[in-house]
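Chemist: Compute the structure for the input listed below.
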Amino acid sequence: MKMFSVRLIFLILCIFFDGSLSKLERLEHPVTKSDGSLNILVVGDWGRQGCFNQSLVAHQMGIVGEQLDIDYVISVGDNFYDDGLKGDTDPAFEASFSHIYTHPSLQKQWYSVLGNHDYRGNVSAQLSHVLTQKDWRWFCRRSFVLCSGMVELFFVDTNPFVEQYFTDPEDHTYDWSNVLPRDRYISNLLHDLDLAMKKSRATWKFVVGHHGIKTAGEHGVTQELVDQLLPILEENKVDVYMNGHDHCLQHIGSDGGIQFLTSGGGSKAWRGVILPWDPKELKLYYDGQGFMSLHITHSQAKFIYYDISGNVLHQFTLSK
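Modeler: Have a look, this model is predicted:
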């Protein structure tokens with residue numbers, strides 16, 4: 001009987017502490033348009049207190065957001081440069097977010113993942129409800145699932161996958177609290193993600209991360225994601241993977257396969273670097289600032305890339 005009690009306590013502790021037994025947080029963003037459609041803006045690598053043309057990109061986002069009557073905004077990470085937030089009272093939150101994205105059309109929910117620069121600060125601060133109390137639009141988690149009518153978006157924390165951040169941190173300090181041991185964190189995340197995708201009955205499955213799986217940008221392919229995450233996306237027939245990290249706008253894809261979309265032009269860009277890539281797959285590479293919009297219906301998903309002046313650089317449509 002005593003041995004049974006010990007085992008029971010051990011099981012309870014395992015359930016409490018082992019993330020593999022917990023499910024990804026699921027949120028629901030209600031569909032409000034009568035035809036069931038969704039309009040979304042996607043931006044990344046932006047948080048520079050208005051500098052490096054962040055304010056100009058924000059202005060165009062507001063114009064396009066009004067034209068499309070957007071439902072919400074997705075941020076693909078690197079929300080606050082150079083080293084994330086110092087804490088939940090850091091004035092950089094207002095200076096880079098609340099005071100920049102002021103257009104009425106952008107007063108919608110923002111769903112965000114963390115980038116590598118965010119991990120150089122206090123990660124818990126960005127995840128804190130204190131920020132939501134300061135600005136109700138802000139929602140950031142490491143990984144979660146967002147359900148919106150016919151689409152499910154799987155937000156993935158890609159930072160712990162990158163070996164370099166642990167073995168060669170380039171003189172940067174990363175906040176790995178609540179991530180270590182790394183192998184268990186990654187294993188639990190992949191397990192939960194695969195399970196959530198297999199349970200999904202959504203017409204469209206989109207995945208949001210910070211690091212690129214396929215990219216001709218300066219940072220190049222994140223091999224750890226190719227090896228560990230991509231097989232799960234392919235097995236579960238994901239339609240789109242969206243990321244930032246490379247400060248450009250990019251579309252890589254092939255007919256019938258996953259479309260890899262980069263929207264990392266929220267502020268500092270113009271790196272002057274493009275790595276070799278198959279021109280049949282590289283549909284767009286714009287080494288500059290801008291953002292992307294999504295218009296989603298039950299039968300079609302339309303993607304449009306805009307530059308800093310609001311000009312359309314590229315667009316394409318997927319059909320079901």
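
Chemist: Point out where the stretch 101-250 of the chain drops to low pLDDT.
Modeler: For the stretch 101-250 of the chain, no stretch has pLDDT under 70.

Chemist: which residues of it fall in helices?
Modeler: Along the stretch 101-250 of the chain, the segments classed as helices by DSSP state H, counting those that start in this stretch run 123-127, 129-134, 164-167, 182-199, 223-228, 230-235.

Chemist: name the helices or strands packed onto the last one?
Modeler: If I follow you right, that is helix 230-235. Judged by 3 or more CB pairs under 8 Å, 6 or more residues apart in numbering; DSSP states H and E, helix 230-235 is in contact with helix 182-199. To be clear about C-beta, it is placed using only N, CA and C from the backbone, and glycine gets the same treatment.

Chemist: Now do the helix it packs on: which elements does it pack against?
Modeler: So helix 182-199, by 3+ CB pairs under 8 Å, 6+ apart, packs with strand 151-155, helix 230-235.

Chemist: just these: most buried one?
Modeler: Greatest average neighbour count among the helices and strands packed on helix 182-199 goes to strand 151-155 (a mean of 25), per mean count of other CB atoms under 10 Å.

Chemist: Other residues contacting it?
Modeler: With CB atoms under 8 Å, 6 or more residues apart in numbering as the test, strand 151-155 has contacts from 24, 38, 74, 111, 113, 141, 143-146, 193, 196-197, 200, 202-209, 238, 296, 301.

Chemist: could the helices and strands packed on helix 182-199 go into a markdown table alongside distance to Y165?
Modeler: Output for the helices and strands packed on helix 182-199, formatted as a markdown table (distance: least, CB to CB, whole Å):
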| stretch | distance to Y165 |
| --- | --- |
| strand 151-155 | 19 |
| helix 230-235 | 19 |
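
Chemist: With respect to Q250, which of the ones you listed lies nearest?
Modeler: For these, proximity to Q250 was assessed by CB to CB; helix 230-235 is nearest, at 16.7 Å.

Chemist: re earlier: between the helices and strands packed on helix 182-199, which gets nearest to Y306?
Modeler: Checking the helices and strands packed on helix 182-199 against Y306 by CB to CB gives strand 151-155 as the closest, at 20.4 Å.

Chemist: ok, the closest one: who's next to it in the sheet?
Modeler: strand 144-148 (antiparallel), strand 204-208 (parallel) (DSSP bridges).
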